[in-house]
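> build the 3D model from these lines:
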Amino acid sequence: MLPNFRSDNQSLFKREAHFWLNGYVNKQNCRIWSEANPQVYVETPLHPEKLTVWCALWAGGIIGPYFFKNDEGHNVTVNGDRYRAMITNFFIPDLNNHDVQELWFQQDGATCNTARATIDLLKDTFGDRLMSRFGPVNWPPRFCDLTPLDYFL
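From the prediction side, this is the model:
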């Protein structure tokens, strides 16, 4: 699958995480175990304010965090334009501070990550070393393999 791929020292994994500012925690992966039905439910607002954070991890360290905010400093959701702006104005300039000619970049299949303009931008930087849905090395959209950032972010 990965020709000429030698080690995780050459992998750069990225991830976004959402933090709700009202204290809400996504309990989709949280289970309450009890002998009796605990009758637990949590009421949450329909659209609570949240902060989206992006970072990348590789053997050379961490790039980020990057907080998705608009020009007025308000938290915003990630779309293709904002994701490409982050890549152009934050990620690539930081990446240029390191010796990364052989670095592989892996990302998930989120729509903003896999838009044609985004993939073209990432191909300009990583060439054939891009592991992504619709990238040179196709990464399945719901691949069950865990990346290091699944543990840290």
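> what residues of stretch 69-80 count as buried?
Neighbour counts over stretch 69-80 (16 or more other Cβ atoms under 10 Å) mark 78, 80 as buried. Every residue, glycine included, has its C-beta placed from N, CA and C.
> please name the nearest non-neighbouring residue to residue 94.
residue 63 (5.0 Å; Cβ to Cβ, 6 or more residues apart in numbering).
> partner strands of the helix or strand hosting that neighbour, with direction?
Assigned by DSSP states H and E, residue 63 belongs to strand 61-67. According to DSSP bridges, strand 61-67 has the following sheet partners: strand 50-58 (antiparallel).
> tell me the mean pLDDT for the partner strand?
In this model, strand 50-58 carries a mean pLDDT of 86.
> which other residues reach it?
9, 11-21, 62-68, 75-78, 86, 91, 103, 148-149, 152-153 (Cβ atoms under 8 Å, 6 or more residues apart in numbering).
> now, of these, which are buried?
Judged by 16+ other Cβ under 10 Å, buried ones among these: 11-16, 19, 63-64, 66, 68, 78, 86, 91, 103, 149, 153.
> assign residue 122 to helix, strand or coil.
helix (DSSP: H, G, I helix; E, B strand; the rest coil).
> contacts only, for the spatially closest residue to it that is not a sequence neighbour.
Nearest residue to residue 122, sequence neighbours excluded (Cβ to Cβ, 6+ apart): residue 130, at 5.2 Å. Neighbouring residues of residue 130 by Cβ under 8 Å, 6+ apart: 104-105, 119, 122-123, 136-137.
> give me the buried entries from these.
104-105, 119, 122-123, 137.
> which of those sit farthest apart?
Greatest spacing in the buried ones among the contacts of residue 130, by Cβ to Cβ: 104 and 119 (14.9 Å).
> sounds good, over and out.
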